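K.L.:
Just to be clear, the model below is a prediction. Sequence and coordinates:
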Amino acid sequence: MSLEKAKERFFKEIERAKELHTRKETGFEVAQQLKKALDQLLKPAFKEFFGRWEIPAALLALGGYGRGELNFHSDIDVNLIYDGHLTESHREDVEAFYYFLLSLKKDLGFAPRSIKEALELAQSDLSIFTNLLQRRFLAGSREVERSFTKQFNRFVKENREALVNEIQAARSERYRRFYGTVYYQEPNVKESKGGLRDLHEAFWVAKIVFGIEGYSGFLDRKILDRKNFREVISAYDFMLQVRNQLHLLSGRRSDILSFEMQPQVAKHFGFPEKRKGVELFMKSYFNAAIDLSVITKEVIKAAKEELSRKKKSFSLKSLLGTREEIGEFFVENNSLFVKEEFESVLLKEPELVLKGFKIVQEKGVELSASAFSLFKLAAESNRERFREERVLGLFREILTRRERLSYTLELMHDTKVLGALIPDFERLRGHFQYDTYHKFTTDIHSILTVRELEKLAEKGTAGTPVKEKQQLSQILQDLDSPHLLFIAALFHDIGKGKPGRHEFVGASLTRRYMEEMGFSEQETEEVCWLVRNHLLMSHVAFRRDISDPKLVEQFKNECQTEERLKKLFLLTYADIKAVGPGAWDNWKSSLLWRLYRGALALFQADKGIEQLILQKLQRRKEKVKELLKGKIRPESVERFFENADRDYLITYSSEEIAKHMLLMKEIKREGLEYKTYHESFPDIGYTKIVIVTKYRRGLFNKVAGIFSYLGINIKGANINKAIEDDCECMVYTIQVSTVAGEALPCEKVEEFEQVLKAFYEGKFKVEELGELLKPKTFRRSVPLPETKVKVDNETSDKYTIVEVSTHDRLGVLYTITKVLLEEQTRLRRAIITTEGNRVIDSFYITDMDYKKVTDPQKLLRIKERIVEALSPKP
């Protein structure tokens, strides 16, 4: 058969593989079909290009192709191994074969290597070694293949332990790169923890240590029992199918199960494309991934234990023995084992399982492969007995010991013991939140929240500035009962997935579980309060005006004690950090610290808030007089403080007020309309732009439109009235950033000032710009949050707060303030919070008479118009 006909058959066989996939055949069957298609092409191709060579050569399939596990756009790795020296004629044949492979339009790795070169590369590069470890003979000289195999196997035998350690280190590094958890919401199907690579690595290690040739060797060599073997192979097959579907949908090698891809992949597996269907599909994905991760980890542990048994050492340490006996258990090589005579007892007595975990926590050891399997089997087969009082009492002891708590909890979760102890935690296993803010599923997010607190206890957390880290660590050290904070971190989202507000549902569930574990009423109440209020501080700091002293006083009263304030602050920090990369930033940090310090000052003061405000304003007035000495008369400062809005005087520092007064005087003296200045805060990620201007109705709406037109992101705004010797002015302070969350470059500020000048001169009309709602990102197919509008007439004495939650886009502020302007309201504050691709904007408004908006019909109309204005246009 000619090569052209062989290629035609190859592409037909590929189409047949697609049909198999469409018919929902197994991932293994599709992989075998793809392997067969390529084999049928490359065997005659070898004969065509290398069949007349006078030196012996063999064509080997490597890596996934060697195992016979190809996906539609997998890399194709083949090596030409030869014995001898290549002539110019040989090199021409090699080049021709390479171009032939390119014509297949596949990602490929191909190289001609002598036996010596291949061995040297295998010894120096782990990826080449593992590729060659999975080699399969395709065509050519069997003698060359046998010669290479003999020398390769000798190298493996002599370096088993080093090779296994290197594979294990590469696994750890890969996990680190992919967020260290199975439960990342946009996983890489191949490389993330629980992905296809996990089984590859387990196979490599088992092949090195036990000499297995295929996955059936896991059973034959009793590395896995039948149950675990079935589970890992089923999970792996599911992952192969997911990867195939991703490749077909994208038409290329695409391994990220992104939000855009999830509905389409879910549909292939029979799930509805709607949100619920995607969440159910992803729960299936995470269940498969955890099986792959956990079971393959046990394979590697079993191999390490086998190496340890085989290793002969006559050092003094080994002669004295390294085994530590601890009751029914023993620790050896940093792993916990169950004594053989207690294995059957442990399956019937969950109390022993908890004793084992106590040892793991106290000594920081791992679970051996055999102990892991026993603990998991106990949790699955004897589930109801984990709810007995004495077992829950041991769990309480684990929870009250903060050291290595998250490590122990994650192991308990992997073995399903945590779910047996807390059934609602098992309900949350793989609980998927279909949004771009939460990066992890609810179960692992809760454990990661505990871990973030542990990092503070260890005075070290990645990405946190040294000063802030020290301050947070000190707050933790000052707590009277820090263990309760850690327990609250574990339980804070336990109510998710049930009807009702999850913080209230969670507090009720937490109370039940803590009472069952034997915690005191005082301890239970403290943790329940934290669970019930774990969103309070972020809600106040990010969605309300924390320059309002009365709001800070309300928050302080909610906390009741200084201890609770500190715990709530640390829980809020850990909760946000555990959401995922980028959730915690300097902007959020600055807001939370302001609220914390304001409330803490109230706890530590002996005076009421009104008295504190009056004293503060008096000090501020005297400081302004001092700053303006020789520029503005003291009596003018007195009048200014009598006439200016109190909100204005509270919001701004003495230095800022003095600066504003000078600008107002300049506006009055020179007959100007406005003055502006800016200040940059690159460490926090924003630029403050201040506009001091004569009153102009609806100005903020136009300014918001200008920012949107220029692609500038608004993070917050204060609008205040100030009067300086009969010159009534408004002061607009607007915090802005680039879309990427950085302070504005100078040229962008200059561009804004030029456009603002044109606007004041009547040369630039915002209303003529057309549609200003524009996406901030190229990702159009991610889950879009629903637009919701709430009205809060309770928090503020003077203002109605309109809170809008919607899809984050440029122009959102302009669109909302346009409605508020048209509905005859006055705007005094705009507070912006961003969570993934959702933005939550809070607007402090009054009616035209500076009173709260209380008319139900008007409020309903505002809500309906905002929703309509923000809805996608057909």
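P.N.:
Done, it's in.
K.L.:
Going by C-alpha atoms from here, please, whenever you check contacts or count neighbours.
P.N.:
Will do.
K.L.:
Just the C-alpha atoms of stretch 499-516, please, in PDB.
P.N.:
C-alpha atoms of stretch 499-516 as PDB (Å, rounded to 0.1, in the frame of the first residue of the first chain):
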ATOM      1  CA  PRO A 499     -32.300  26.500  51.100                       C
ATOM      2  CA  GLY A 500     -31.900  29.800  52.800                       C
ATOM      3  CA  ARG A 501     -29.000  32.100  53.600                       C
ATOM      4  CA  HIS A 502     -26.100  29.900  54.100                       C
ATOM      5  CA  GLU A 503     -24.600  31.800  57.000                       C
ATOM      6  CA  PHE A 504     -27.800  31.300  59.100                       C
ATOM      7  CA  VAL A 505     -28.300  27.700  58.000                       C
ATOM      8  CA  GLY A 506     -24.600  27.100  58.700                       C
ATOM      9  CA  ALA A 507     -24.900  28.500  62.200                       C
ATOM     10  CA  SER A 508     -27.800  26.200  63.000                       C
ATOM     11  CA  LEU A 509     -25.900  23.100  61.700                       C
ATOM     12  CA  THR A 510     -22.700  24.200  63.500                       C
ATOM     13  CA  ARG A 511     -24.600  24.400  66.800                       C
ATOM     14  CA  ARG A 512     -25.800  20.800  66.400                       C
ATOM     15  CA  TYR A 513     -22.400  19.400  65.500                       C
ATOM     16  CA  MET A 514     -20.600  21.300  68.300                       C
ATOM     17  CA  GLU A 515     -23.100  20.100  70.900                       C
ATOM     18  CA  GLU A 516     -22.700  16.500  69.700                       C
END
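K.L.:
Mind listing what's buried along that stretch?
P.N.:
His502, Glu503, Phe504, Val505, Gly506, Ala507, Ser508, Leu509, Thr510, Arg511, Tyr513, Met514 (16 or more other C-alpha atoms under 10 Å).
K.L.:
With stretch 280-293 instead?
P.N.:
Here stretch 280-293 shows 280-283, 285-293 as buried, counting by 16+ other C-alpha under 10 Å.
K.L.:
tell me which of those residues is nearest to Glu173?
P.N.:
Set against Glu173, the nearest of these by C-alpha to C-alpha is Ser293 (14.7 Å).
K.L.:
So which of the buried residues of stretch 499-516 is the closest to Val205?
P.N.:
Tyr513 (41.7 Å).
K.L.:
And the longest helix along the chain, what does it pack against?
P.N.:
Counting residues, the longest helix found in the chain (DSSP state H) is helix 275-310. On a contact count with 3 or more C-alpha pairs under 8 Å, 6 or more residues apart in numbering; DSSP states H and E, helix 275-310 meets helix 160-177, helix 196-210, helix 226-250, helix 262-268, helix 369-381.
K.L.:
Adding distance to Ala302, write those out as TSV.
P.N.:
Output for the helices and strands packed on helix 275-310, formatted as TSV (distance: least, C-alpha to C-alpha, whole Å):
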stretch	distance to Ala302
helix 160-177	12
helix 196-210	9
helix 226-250	13
helix 262-268	35
helix 369-381	6
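K.L.:
Most tightly packed of these?
P.N.:
When you average the neighbours per residue for each of the helices and strands packed on helix 275-310 (mean count of other C-alpha atoms under 10 Å), helix 196-210 leads with a mean of 22.
K.L.:
next SSE after it?
P.N.:
helix 217-220 (DSSP states H and E).
K.L.:
Give me the three-state assignment for Thr524.
P.N.:
helix (DSSP: H, G, I helix; E, B strand; the rest coil).
K.L.:
what about it, distance to Asp575?
P.N.:
20 Å (C-alpha to C-alpha, to the nearest Å).
K.L.:
quick revisit: among the buried residues of stretch 499-516, which one lies nearest to Pro682?
P.N.:
Glu503 (35.1 Å).
K.L.:
From the contact counts, what lies against the strand or helix carrying the closest one?
P.N.:
With elements taken from DSSP H and E, the one containing Glu503 is helix 502-517. Under the contact definition 3+ C-alpha pairs under 8 Å, 6+ apart, helix 502-517 sits against helix 389-399, helix 521-532.
K.L.:
got CSV for the ones you listed, with mean pLDDT, distance to Ala57 and mean neighbour count too?
P.N.:
What follows is the helices and strands packed on helix 502-517, written out as CSV (pLDDT from 0 to 100; distance: least, C-alpha to C-alpha, whole Å; neighbours: other C-alpha atoms under 10 Å):
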stretch, mean pLDDT, distance to Ala57, mean neighbour count
helix 389-399, 96, 61, 18
helix 521-532, 98, 68, 20
